[in-house]
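>>> Structure for this input, please:
(2 chains)
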Protein chains: 2
Amino acid sequence: MDYIRNIDGGFSVIENLKVSGAREGKYGVSIILCPNSTASGVFTSNKVVAAPVKYTKNVLKKGIVSAVFINSGNANCFTGEQGFKDCETLVELVARDLKLPKDEIAISSTGVIGREMPIDTISKVAYESLSNLGNQPENSLAAAKAIMTTDTFPKECAVEVTLTTGEVVKIAGITKGSGMIAPNMGTMLSFIVTDAVIPAKEINNALKQAADISFNMIVVDGDESTNDTCLLMANGASGVEAVKDGKIDENFQEALNYLCIDLAKKMARDGEGATKFIEANVCGAKDLNDARLAAKSIISSSLFKSAVFGGDPNWGRIVSAIGYSGCDLNPDIVTIAIADDSDEVDLVKNGEILAFEDTPYLERAEKIMQSKNVIVNIDLDLGDFEATAWGCDLTYDYVKINAEYTT
Amino acid sequence: MDYIRNIDGGFSVIENLKVSGAREGKYGVSIILCPNSTASGVFTSNKVVAAPVKYTKNVLKKGIVSAVFINSGNANCFTGEQGFKDCETLVELVARDLKLPKDEIAISSTGVIGREMPIDTISKVAYESLSNLGNQPENSLAAAKAIMTTDTFPKECAVEVTLTTGEVVKIAGITKGSGMIAPNMGTMLSFIVTDAVIPAKEINNALKQAADISFNMIVVDGDESTNDTCLLMANGASGVEAVKDGKIDENFQEALNYLCIDLAKKMARDGEGATKFIEANVCGAKDLNDARLAAKSIISSSLFKSAVFGGDPNWGRIVSAIGYSGCDLNPDIVTIAIADDSDEVDLVKNGEILAFEDTPYLERAEKIMQSKNVIVNIDLDLGDFEATAWGCDLTYDYVKINAEYTT
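As a prediction, the model looks like this:
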């Protein structure tokens, strides 16, 4: 895919865009200033929904976003009427300061659930963040840092893509969290901006397609947050149309998918307490849903995740996880392999078990399980569908981080 | 329920029943000799099914079981044709020794998946176990011990029940494992014998009803084994009919439910690495499925389980777990309380949040979260259905046990 190129600088690569971040203790505020952008969002499917998620869904009905306010440290979830008032207060603060229409400002929060927002502290950090808005790489990094909770590193990605027309546009994004269905301090948040021109009608489909194969395919612990949010804004600064005849440019979609997968993998790699990265590739599924179920089941299995942490080649746990995933499976024809960056070994080949005790297969598997990147490759041999999911190992530190969070 | 009385002695309370257990290192063998009993089984729904599960399902078609062979240390799963041959070999060994028809012998295995059975070692332990058959309390305890894997204590229960007719029968059972959908060395196994007379036709319903509200409502880590098996045998030694006009005696069913819940709770309490026991009671659900979904979601949440381990009153994680469980939920009317053996405190009452920071509610919640038994009580206020689920906290030791299992 030589039409997609990684570039440095995060949000700074997009013209007509300013961002910032500021932090005081556990409370951070990032601002994204992207006047008059078309916008789309994907959100948590949890039935308990945080106030800012409801608020932002409403903003998106108009389809235009000019700024995004994001705070870390408090999720503003299960906070009743006061939660909505706090959204209003913060949005008004931003609208006044940036002289923007109130109804074009989106808001996102991440942190502890069921505690009132410390509105004074967050307002103070908000003013500081607003005073730092800029279009340099360090501004992008500050924004990526201010939304972090238990994340151990900031997560940015930017790409340049040559469309099928030969024209060039850019996409940049930041993210925080340890998994769409996982979040430590409660949330995965992602914010993406492109300088392409994308009408409001088409931007939704583009984001949904990308989110389905990226953010929706990472798991850290199976818990799904009340605040998960991914926003895509198109500010049109390049003047290049990414939609022709109502269809999104193929290369643009590929580049958006690539960027979302890159951000998703960074989250999986930074899963709470993670020491290792796991990728599960499933092919030969009878339909797409089966492929997704099987891939996600492997990276969600506490037993397999613990085995990866311990470097234990207990591949029976892979078999078991596919078995209870709900996907169609014929144990007599399945092929199961594990791999790392330098080796790949079949454990079960077309239903025949190779990795019995004292075989070279099991010895090689043992070595692979010691690697930093453990890849599981499954061929169900029942059809033509495939899916990939990403996750991390289950470690002492996962338990430690989550046993000690609010207190 | 004064018609159900706990009694000591495990299997020894049932006449015409002999049991035994023997062990060599990680390999144990238990034998249950219950000539000519009607029998029923419930099994794993994992699509990968161990050889002994397939074998025993076939035995149950006839509906008569005279003996059960159980081994620990190897699951005999994903072992191909050899796995079935090994079942045959072990069943023949038992049939010869006990002079029983081969097709009345059930077999169960638990342990590592995807490794061939060490048939010589297991045969040797089997002969030792067969030579120890007896009807004393110590025989029952030996049987409960020989099926243990990472279990930290043997699990038995026996009850005496007065039927609605005034007649008295007994039920006894043993179990191993850390959860139906959880198993450490791969499996929950339960074996129950009653001296009541129960025709083959009715015994299935009785067991299914009991398993649904007991073994199917405990979770340790969400992984479902390839070997899960629960067998119920009625040897009729009491001569008392527990079925009248095709319907099981109500009191008998209650007693069977009670015994299964007792065994299930013992498994949850002995969940791998567990330091605390969690019970989740959900009432006011719009249907039974919703009640079960919500209760199981709470005890399955890695985030909440970690919080219980750390004694952290992070009740937002309860809200979140109900929210993504799939059950119908209206946050504006829900009531959430936590309790231990000496206190109960509302966190959210009819949708109103009480347990904000620096409130006495949160202080009491903090104290409750330090207890050995943490109880969560939810009223969804949407209907009349209720369910209870049991689990345990997520600890460093869970990770340790499962990171080091096969190697």
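>>> was I right about A:Thr275 contacting A:Tyr396?
No - between A:Thr275 and A:Tyr396 no contact is recorded; they are 9.6 Å apart, counting by CB atoms under 8 Å. Every C-beta, even on glycine, is put in place using the N, C-alpha and C of the backbone.
>>> which SS state does A:Thr110 fall under?
Three states are possible here, and by DSSP: H, G, I helix; E, B strand; the rest coil the one that applies to A:Thr110 is strand.
>>> hey, what's it bridged with?
A:Ser72 (DSSP bridges).
>>> Have a look at chain A and report its longest strand.
The strand that spans the most residues within chain A, counting by DSSP state E, is strand A:27-43.
>>> Give the partner strands of that one in its sheet and their orientations.
Based on DSSP bridges, the strands next to strand A:27-43 in the sheet, each with its direction, are strand A:18-24 (antiparallel), strand A:64-74 (antiparallel), strand A:229-234 (antiparallel).
>>> how about the least confident helix or strand in chain A by mean pLDDT: buried residues?
For chain A, the helix or strand with the lowest mean confidence is helix A:396-403, at a mean of 80 (criterion: mean pLDDT, DSSP states H and E). Judged by neighbour count using 16 or more other CB atoms under 10 Å in any protein chain shown, the buried positions of helix A:396-403 are A:Tyr396, A:Tyr398, A:Val399, A:Lys400, A:Ile401, A:Asn402, A:Ala403.
>>> wouldn't the last one be in contact with B:Asn314 here?
No - A:Ala403 is not in contact with B:Asn314 according to CB under 8 Å; the separation is 9.6 Å.
>>> joint contacts of these two?
Common neighbours of A:Ala403 and B:Asn314 (criterion: CB atoms under 8 Å, 6 or more residues apart in numbering or on different chains): B:Ala307.
>>> In terms of pLDDT, where does the residue of chain A most remote from its centre sit?
Checked against the mean C-alpha position of chain A, the extreme residue using CA atoms, centre = their mean is A:Asp358, at a distance of 40.5 Å. Taken from the predicted model, the pLDDT recorded for A:Asp358 is 84.
>>> in a strand, that's where it is, yeah?
No - assignment of A:Asp358 by three-state DSSP gives coil, placing it outside any strand.
>>> Figure out how far the helix or strand encompassing A:Ala280 is from the centre of its chain.
Remark: A:Ala280 resides in strand A:277-285, with elements defined by DSSP states H and E. In terms of CA atoms, centre = their mean, to the nearest Å, the centre of strand A:277-285 is found 18 Å from the chain centre.
>>> thinking again about what came up before, the helix or strand following the longest strand of chain A and chain B in contact?
Remark: after strand A:27-43, the chain's next helix or strand is helix A:51-62, criterion DSSP H and E. No - contact of helix A:51-62 with chain B is not found when judged by CB under 8 Å from any CB of the partner chain; the minimum separation is 11.1 Å.
>>> where along the stretch 51-200 of chain A do the strands fall?
Along the stretch 51-200 of chain A, counting by DSSP state E, counting those that start in this stretch, strands occupy A:64-74, A:105-112, A:155-162, A:168-176, A:189-194.
>>> and A:Gly310, how many neighbours does it have?
When neighbours are defined as other CB atoms under 10 Å in any protein chain shown, A:Gly310 has 23 of them.
>>> residue contacts, the nearest residue to it once chain neighbours are set aside?
By the measure of CB to CB, 6 or more residues apart in numbering or on different chains, the closest residue to A:Gly310 outside its immediate chain neighbours is B:Ala403, 2.7 Å from it. Contact analysis of B:Ala403 by CB under 8 Å, 6+ apart lists A:Ser306, A:Ala307, A:Phe309, A:Gly310, A:Gly311, A:Asp312.
>>> What's the separation between A:Phe252 and chain B?
In this view, A:Phe252 and chain B are 32 Å apart by CB to the nearest CB, to the nearest Å.
>>> Over to A:Gly271?
Computed with CB to the nearest CB, the distance linking A:Gly271 and chain B is 11 Å.
>>> I'd guessed A:Ala237 sits against A:Ile14; true?
Yes - here A:Ala237 lies in contact with A:Ile14, judged by CB under 8 Å, at a distance of 6.4 Å.
>>> Which residue, other than its chain neighbours, is closest to A:Ala211?
A:Val42 (4.7 Å).
>>> ok, the contacts of B:Ala403 vs B:Asp8, which is closest?
Each of these was checked against B:Asp8 using CB to CB; the closest is A:Ser306, at 36.9 Å.
>>> Now do that closest one, the pLDDT please.
Value listed for A:Ser306 in the pLDDT field: 88.
>>> Now intersect the contacts of B:Ala403 with the helices, please.
Within the contacts of B:Ala403, residues falling in helices by DSSP state H are A:Ser306, A:Ala307, A:Phe309, A:Gly310.
>>> Include distance to A:Thr150 when you put these into TSV, please.
Shown next, in TSV, are the ones in helices among the contacts of B:Ala403 (distance: CB to CB, whole Å):
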residue	distance to A:Thr150
A:Ser306	20
A:Ala307	24
A:Phe309	18
A:Gly310	23
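>>> And those residues, which two are furthest apart?
The largest separation in the ones in helices among the contacts of B:Ala403, counting by CB to CB, is between A:Ala307 and A:Phe309 at 7.2 Å.
>>> Please give me every residue in contact with whichever residue of the stretch 1-150 of chain A sits closest to chain B.
Distance from chain B to each residue of the stretch 1-150 of chain A (CB to the nearest CB) is smallest for A:Ile113, at 2.5 Å. The neighbours of A:Ile113, taking CB under 8 Å, 6+ apart as the test, are A:Ala50, A:Ala75, A:Cys77, A:Phe78, A:Gly186, A:Thr226, B:Asn314, B:Gly316, B:Arg317, B:Val319, B:Ser320.
>>> Please report the number of neighbouring residues for A:Lys201.
For A:Lys201, the tally of surrounding residues (other CB under 10 Å) stands at 12.
>>> So for the host helix or strand of it, mean pLDDT?
Applying DSSP H and E as the criterion places A:Lys201 in helix A:200-212. Along helix A:200-212, the predicted confidence averages to a pLDDT of 90.
>>> Output that helix as PDB - backbone C-alpha positions only.
Coordinates of the C-alpha atoms in helix A:200-212 are reproduced here as PDB (Å, rounded to 0.1, in the frame of the first residue of the first chain):
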ATOM      1  CA  ALA A 200     -21.600  14.900   6.500                       C
ATOM      2  CA  LYS A 201     -23.500  12.100   4.800                       C
ATOM      3  CA  GLU A 202     -20.500  10.000   3.900                       C
ATOM      4  CA  ILE A 203     -18.300  10.600   6.900                       C
ATOM      5  CA  ASN A 204     -20.400   8.300   9.100                       C
ATOM      6  CA  ASN A 205     -19.900   5.300   6.900                       C
ATOM      7  CA  ALA A 206     -16.100   5.900   6.600                       C
ATOM      8  CA  LEU A 207     -15.700   6.000  10.400                       C
ATOM      9  CA  LYS A 208     -17.900   3.000  11.100                       C
ATOM     10  CA  GLN A 209     -16.100   0.800   8.600                       C
ATOM     11  CA  ALA A 210     -12.700   1.800  10.100                       C
ATOM     12  CA  ALA A 211     -13.800   1.400  13.700                       C
ATOM     13  CA  ASP A 212     -15.300  -2.000  13.100                       C
END
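>>> Which neighbouring elements make contact with that helix?
strand A:27-43, strand A:229-234, strand A:247-248, helix A:250-269 (3 or more CB pairs under 8 Å, 6 or more residues apart in numbering or on different chains; DSSP states H and E).
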